[in-house]
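S.K.: no FASTA, just this:
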């Protein structure tokens, strides 16, 4: 058979050749909506490749992006990967200290950024000496920028003639870091082969099932776990792609859905919860949207029911992680479930989902012994496959696979005989809020008045979870809530700040001296966050 290396450039080559006029619609950072076809996007991406080569970029160099979902960001993805450089997506929601660590650890040479992130980069760049250039993904440089060149100026004089590919399919293509909630952030290095295989997995009918007839609204940010594969799967299928830019509010998303005829979308629960509230309050209808994948955090059953019952939209629950590229499971009904009524399907639809071809799952006890797939035996959820990380970038001595090649997800879950997986708990003491991780350790440990503190994630109707901070003061000390929260100012992202601070006389400790989270959770079981009360 022919030797046909699975490199990402072939995806856009295919789209340009056979779906060249199929639209990519962008709400630009500047505001206006623009349109181009896959053929034009490919030509501009090749000009970007030539601009990188003119700057001395070579295969394997890390080129960072810090952008929302726009056509220019997509051009950057393909232009970087096409010449064998590594597209490193930076999450602008991280704290500047985390970004400094990530950029330095990756040794990024160039950063391509939306102008809205200029103030954030102004904090990062003085501490990242290996960065040689900043390119602003805009027509004009932002007023807050003290350095950098505009995107159109940078690629403007370059040719569209550029040789892509021609390297081994195991060449590194993309780099994405976890948010570092348990220590320093960890880099996951995707290969061209893993990205192409992940694309084919995403396109399966029982995953996202995207076709050339679909119009896809890519709400999940391209910096979030490989963009859930949409920047690759949509061109591969020839789907029309709609990119919302900075406007993620429900009215703006609804406008794009209706004016562009969106049939499929994917995002975290908070986005769809806000859209559902907007629809209910305004009386608006969805005339074209048929399917939505919701992942990144637990999807409330009310979302699945609300979109189905009131708007005829099928919501598919999903689970994955940065280390799985991120596809893990999607709750598409199997043949037996599909024969049932929607009401009877709910026990399966409310689970995280079942694995497609290319993803293998198992659950084990702490000793690594396999547990039965009976839907009743929770254990450590482990995953393996051709798009699952085998090691973290720059950490060659840190083994992350067990003897059978499985990666421990850090979640506790059960599997039923049909493969439907349900997460029952988390092994890591982190909080999932709006699809993003929040660290649960050390938030006010530096306050001299605090003896012990611990953070719990408590249920929240909008954000899935929000943090509650339990504080035990030192003997004789007094403090106010505002005083404690002031300690966090500038140390953590604003959305990490606890919704409620509770002063307690005792924080339980386990036998090793660590906070006993199980006992603490029992103490606050049923507690209703003050932020919920205030919002009602």
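M.R.: It's in. Note that the structure is a prediction, hence the values are computed from the model and not measured.
S.K.: Quick check: nearest residue in space to residue 393, chain neighbours excluded?
M.R.: residue 187 (3.3 Å; CB to CB, 6 or more residues apart in numbering). Quick note: C-beta positions are derived from backbone N, CA and C, even for glycine.
S.K.: which residue sits farthest out from the middle of this structure?
M.R.: Distance from the C-alpha centroid of the chain peaks at residue 476, with 44.5 Å (CA atoms, centre = their mean).
S.K.: tell me the SS of it?
M.R.: coil (DSSP: H, G, I helix; E, B strand; the rest coil).
S.K.: And residue 317, by the same measure?
M.R.: strand.
S.K.: tell me the SS of residue 419?
M.R.: Classification of residue 419 using three-state DSSP returns coil.
S.K.: Distance check, it against residue 305.
M.R.: 23 Å (CB to CB, to the nearest Å).
S.K.: Then residue 396?
M.R.: 47 Å.
S.K.: Following element in sequence after the longest helix belonging to the chain, please.
M.R.: If you go by DSSP state H, the chain has its longest helix at helix 38-54. Using DSSP states H and E, the next helix or strand after helix 38-54 towards the C-terminus is strand 62-66.
S.K.: Run me through the strand neighbours of that next one, direction for each.
M.R.: Here strand 62-66 is paired, per DSSP bridges, with strand 86-89 (parallel), strand 110-113 (parallel).
S.K.: pLDDT of that strand, averaged?
M.R.: Mean pLDDT, computed over strand 62-66, is 98.
S.K.: what sits against residue 319?
M.R.: 295, 328-329, 352-353, 421, 423 (CB atoms under 8 Å, 6 or more residues apart in numbering).
S.K.: So which of these sit within strands?
M.R.: 328-329, 421, 423 (DSSP state E).
S.K.: coming back round to it: now which of the contacts of residue 319 would you call buried?
M.R.: 295, 328-329, 352-353, 421, 423 (16 or more other CB atoms under 10 Å).
S.K.: Quick check: the farthest pair among those residues?
M.R.: 295 and 421 (12.5 Å; CB to CB).
S.K.: partner residues bridging residue 370?
M.R.: Beta-bridge pairing for residue 370 (DSSP bridges): residue 364.
S.K.: So for it, what pLDDT did the model give?
M.R.: Residue 370 is given a pLDDT of 96.
S.K.: hey, where'd the helices end up in the stretch 401-536 of the chain?
M.R.: 481-488, 517-523, 530-535 (DSSP state H, counting those that start in this stretch).
S.K.: how far away is the residue nearest the centre of the chain from residue 320?
M.R.: In the chain, the centroid-proximal residue (CA atoms, centre = their mean) is residue 224; its distance is 2.7 Å. Using CB to CB, residue 224 is found at 11 Å from residue 320.
S.K.: Then residue 114?
M.R.: 25 Å.
S.K.: again, but for residue 227
M.R.: 12 Å.
S.K.: With residue 274 instead?
M.R.: From residue 274 across to residue 320, the span is 22 Å (CB to CB).
S.K.: Compare neighbour counts for the two and give me the winner.
M.R.: residue 320 (24 against 17; other CB atoms under 10 Å).
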